[in-house]
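Participant: coords please:
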Amino acid sequence: MNALRFNTQEMRHFLIEAWSLGWPIILMMFFQFSIGVTDVYVAGFLGTGILAAVGYVSQLYWTLIILANGITVGTVSMISQAYGAKSVDGVGSITAHSIIIGVIIAGVLTVVAQVYPAGIVGLAGIPEGIQEIARDFLQVFSLVLVPTYLMIITGGVLRSSGRVRLAMANSFAAALLNVALDVVLSFGWSPVPAMGYIGIAWATATSTTVGMLLNMSHIFLGSGRIRIEALVRPRLRCIKNLLKLGVPSALQQTAWNAGTLVIYFLVGRMQGGEITALAAMTGGVRIEAFIFLPVFALNMAAAVLAGNKLGAGDPDGARSVATATAGMCLLIVLVPTVLIFIFAPDISGMITQDRAVLEEMTRYLRVNMLGTPFLAIGISLSGALQGAGDTMATMRIIFTGMWLFRIPLILVCIHVIGTGALGVWASMTVSMVFMCSLLVHRFMGEAWMKASLDKKSKTLLWQTCLSDAHRTGQSQNSR
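Facilitator: Numbering: from 1, shown residues only. Below you'll find the model as predicted:
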């Protein structure tokens, strides 16, 4: 009975710890989501072609910043462990190396996008009628790729080093500025002339730059501030280890996004009802986005908390806090999942008045809601695995689930069984359960907690970012 009481109290502590980190990240996700919603809303007033261009360029821009998200996963893993080990030198040095990588990659992409905008737009398959608008957007967005990369990376630094509320406040300021500038620059206001659709691009570019500057101001101040000597004399092993953790994450996101595009392609090539199915899927995905906000936020929280515990030498705590975060994630999504399942026809009716699309969207939502609890658990646990540095295994699981299971199953349902759109929705749900099972199996083992351990030196990967003197001091402190 005492042991049960102790475990209950311990789990309550982990739940409080997860929530204290999770709620600011949930708000950050909402703020970032509001930027995209505002861009689309304003674009809708300016014309159908502009709305379509914004949608295409948003997907293209997401592709350009996948590497930034990958770098951030590696940064969060290493910094959260250094922070858990109470190494301010480690936090500052990893930050410096992450910024170096981000600036180099974003700088190269900026040059390519500025020199070959027409080629990039053409390769992206953007319709000819809106290519000129898309090129204009791309040229503005690419000018701020470096600030965008730095904002994403420094946001990861702040939330993984005990400064998540600062990151939240900066994200709110950037989102609020974007909303205001979208309206003012696009439609004009008092002395500011109307810029039309290009105002949307400059609003996002300006707010992103301001968000980056706000984040950077905290990176250079306080405990864990950036190490200038690491900027001047970077350590190649540190850069190598950041890429070792970050590249698999970027490949994972690429595999998932590419797989999603393939699914859209397959649905669009069905014989009969393909347009209805595409419309239903597009609307359903937008509805699901509201559930995914807290899910992905708690994915980030799990990464930080698991990394903190492992850095502090507490693997049991890492497992417990990850379990608590996954449980919280499941509880948060259950209510909206049930509500969407029950009221799917009414919710679908808010998006479309077409009877056939409404009925198909209702089927899409109800079938996918059956897999959402599994998705919530899987995504949350994948955050813990990534925080531990187990990014390669996570990538393999997601690749297997998407390319070796989901897409082949969809092909069988469409071309062999002939189930049509319902078979596609069912395949998506079954694959969610499959991927969740693989992630749970990985999490129940021990290997993920040793993923950040260098097999040769028997030290954690983040420690390679320290100078020799600092590493010696860290080793003595750990004893």
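Participant: Which residue, other than its chain neighbours, is closest to Thr419?
Facilitator: Nearest in space to Thr419, with sequence neighbours left out and distances taken as Cβ to Cβ, 6 or more residues apart in numbering, is Cys413 at 4.7 Å. C-beta here means a position set from N, CA and C on the backbone, and glycine is covered the same way.
Participant: now swap in Ile239 and tell me
Facilitator: Closest residue to Ile239 apart from its sequence neighbours, by Cβ to Cβ, 6+ apart: His97 at 5.6 Å.
Participant: Flag every buried residue along the strand or helix carrying the one you found.
Facilitator: Secondary structure from DSSP states H and E places His97 in helix 88-115. For helix 88-115, a neighbour-count test (16 or more other Cβ atoms under 10 Å) marks 88-103, 105-106, 109-110, 113 as buried.
Participant: Could you check how far that helix is from the centre of its chain?
Facilitator: Computed by Cα atoms, centre = their mean, to the nearest Å, the separation of helix 88-115 from the middle of its chain amounts to 18 Å.
Participant: now stretch 186-199
Facilitator: Mean C-alpha position of stretch 186-199 versus that of the full chain (Cα atoms, centre = their mean) differs by 32 Å.
Participant: That stretch spans what distance, first to last residue?
Facilitator: The first residue of stretch 186-199 is 4 Å away from its last residue (Cα to Cα, to the nearest Å).
Participant: follow-up on the earlier one: my read: the residue nearest to Ile239 touches Cys465, true?
Facilitator: Yes. His97 lies in contact with Cys465 (Cβ atoms under 8 Å); the separation is 5.7 Å.
Participant: Need the residues touching each of these two.
Facilitator: Shared contacts of His97 and Cys465, defined by Cβ atoms under 8 Å, 6 or more residues apart in numbering, comprise 230, 235, 238.
Participant: Let me see the contact set for Cys436.
Facilitator: Taking Cβ under 8 Å, 6+ apart as the definition of contact, the neighbours of Cys436 are 374-375, 377-378.
Participant: Count the neighbours of Ile50 for me.
Facilitator: 21 (other Cβ atoms under 10 Å).
Participant: Work out for me the element Asn215 sits within.
Facilitator: Assigning secondary structure by DSSP H and E places Asn215 in helix 197-219.
Participant: buried ones in that helix?
Facilitator: Going through helix 197-219 with 16+ other Cβ under 10 Å, the ones that come out buried are 197-212, 214-216, 218-219.
Participant: Show me what that helix is packed against.
Facilitator: In this structure, helix 197-219 makes packing contacts with helix 2-46, helix 48-64, helix 131-143, helix 145-160, helix 164-187, judged by 3 or more Cβ pairs under 8 Å, 6 or more residues apart in numbering; DSSP states H and E.
Participant: go with 10 Å
Facilitator: helix 2-46, helix 48-64, helix 88-115, helix 131-143, helix 145-160, helix 164-187 (3 or more Cβ pairs under 10 Å, 6 or more residues apart in numbering; DSSP states H and E).
Participant: any idea which of these is most buried?
Facilitator: Among the helices and strands packed on helix 197-219, helix 145-160 has the highest mean neighbour count (mean count of other Cβ atoms under 10 Å), at a mean of 26.
Participant: So which elements touch it?
Facilitator: helix 2-46, helix 48-64, helix 66-84, helix 88-115, helix 164-187, helix 197-219, helix 274-311.
Participant: same thing but 7 Å
Facilitator: For helix 145-160, the elements it packs on are helix 66-84, helix 88-115, helix 164-187, helix 197-219, helix 274-311, judged by 3 or more Cβ pairs under 7 Å, 6 or more residues apart in numbering; DSSP states H and E.
Participant: Would you agree Met281 is in contact with Gly268?
Facilitator: No. In this structure, Met281 sits apart from Gly268 without contact. The criterion is Cβ atoms under 7 Å, and the distance is 9.6 Å.
Participant: The two - which one has more neighbours?
Facilitator: Met281 (23 against 12).
Participant: Which pLDDT value goes with that one?
Facilitator: According to the predicted model, the pLDDT of Met281 comes to 85.
Participant: need the contact list for it.
Facilitator: Taking Cβ atoms under 7 Å, 6 or more residues apart in numbering as the contact definition, Met281 lies against 267, 364.
Participant: if I look at it, how far off is Val295?
Facilitator: Distance, Met281 to Val295, using Cβ to Cβ, to the nearest Å: 19 Å.
Participant: and the residue lying closest to Ser320 once chain neighbours are set aside, how far is that from Pro373?
Facilitator: Closest residue to Ser320 apart from its sequence neighbours, by Cβ to Cβ, 6+ apart: Phe14 at 5.4 Å. In this view, Phe14 and Pro373 are 20 Å apart by Cβ to Cβ.
Participant: which residues of this structure score low on pLDDT?
Facilitator: 1-7, 124-125, 273, 467-479 (pLDDT under 70).
Participant: and it, what are its domains?
Facilitator: Under automatic domain parsing, the residue ranges defining each domain of the chain are 14-234, 246-462.
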